[in-house]
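[1] generate coordinates for the sequence data below:
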Amino acid sequence: MSPKDVSSGSGGAKGWLTPGRIVVGVLVVLVIVFICVNTNKVTIRVLIPEVTMPLWFALLAMFVIGLGCGGYLFRRRGR
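    I've put the predicted structure just below:
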């Protein structure tokens, strides 16, 4: 069999609902629940200034920053 020959039976799960996407979906739901439960005001030191904000907002900001970094690092590159 040549390297260019690809059989349709090999490979992981096909379709939209893969195990990896299910795990990511469950983790996103857990993060959203965790953010919604933590609503107290907190004081955060951002380098020099101190910022007072709801904890859910700080957690949400870190979640979005993490999504952005993960998307940038693990994006698929076209050839």
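[2] can you give me the strands in this structure?
    All strands of the chain, identified by DSSP state E, fall at 41-45, 50-54.
[3] got a list of contacts for the last one?
    The set of residues external to strand 50-54 that reach it, using Cβ atoms under 8 Å, 6 or more residues apart in numbering, is T39, N40, K41, V42, T43, I44, R45. To be clear about C-beta, it is placed using only N, CA and C from the backbone, and glycine gets the same treatment.
[4] and the two most separated of the residues you listed?
    Maximum pairwise distance among these (Cβ to Cβ): 20.5 Å, between T39 and R45.
[5] please name whichever of the strands of the chain is nearest to L27.
    With Cβ to Cβ as the criterion, L27 lies closest to strand 50-54 of the strands of the chain, at 22.2 Å.
[6] and that closest one with strand 41-45, angle?
    Using axes from the mean of the first three to the mean of the last three Cα atoms, to 10 degrees, one finds that strand 50-54 and strand 41-45 are set 150 degrees apart in direction.
[7] okay, now the sheet partners of strand 50-54, with direction.
    strand 41-45 (antiparallel) (DSSP bridges).
[8] looking at the contacts of strand 50-54, which is nearest G68?
    I44 (19.1 Å).
[9] pretty sure the closest one is touching A58, no?
    Yes: I44 lies in contact with A58 (Cβ atoms under 8 Å); the separation is 5.9 Å.
[10] just the CA trace of stretch 24-35, in CSV.
    Taking Å, rounded to 0.1, in the frame of the first residue of the first chain, the C-alpha atoms of stretch 24-35 are listed here in CSV:
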residue,chain,number,x,y,z
VAL,A,24,-14.3,20.1,25.9
GLY,A,25,-18.0,20.8,26.1
VAL,A,26,-18.4,19.3,29.6
LEU,A,27,-15.3,21.3,30.8
VAL,A,28,-16.7,24.6,29.3
VAL,A,29,-20.0,24.0,31.1
LEU,A,30,-18.2,23.3,34.4
VAL,A,31,-16.1,26.5,34.0
ILE,A,32,-19.3,28.5,33.3
VAL,A,33,-21.0,27.0,36.5
PHE,A,34,-17.8,27.8,38.5
ILE,A,35,-17.8,31.3,37.3
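[11] alright, I will stop here.
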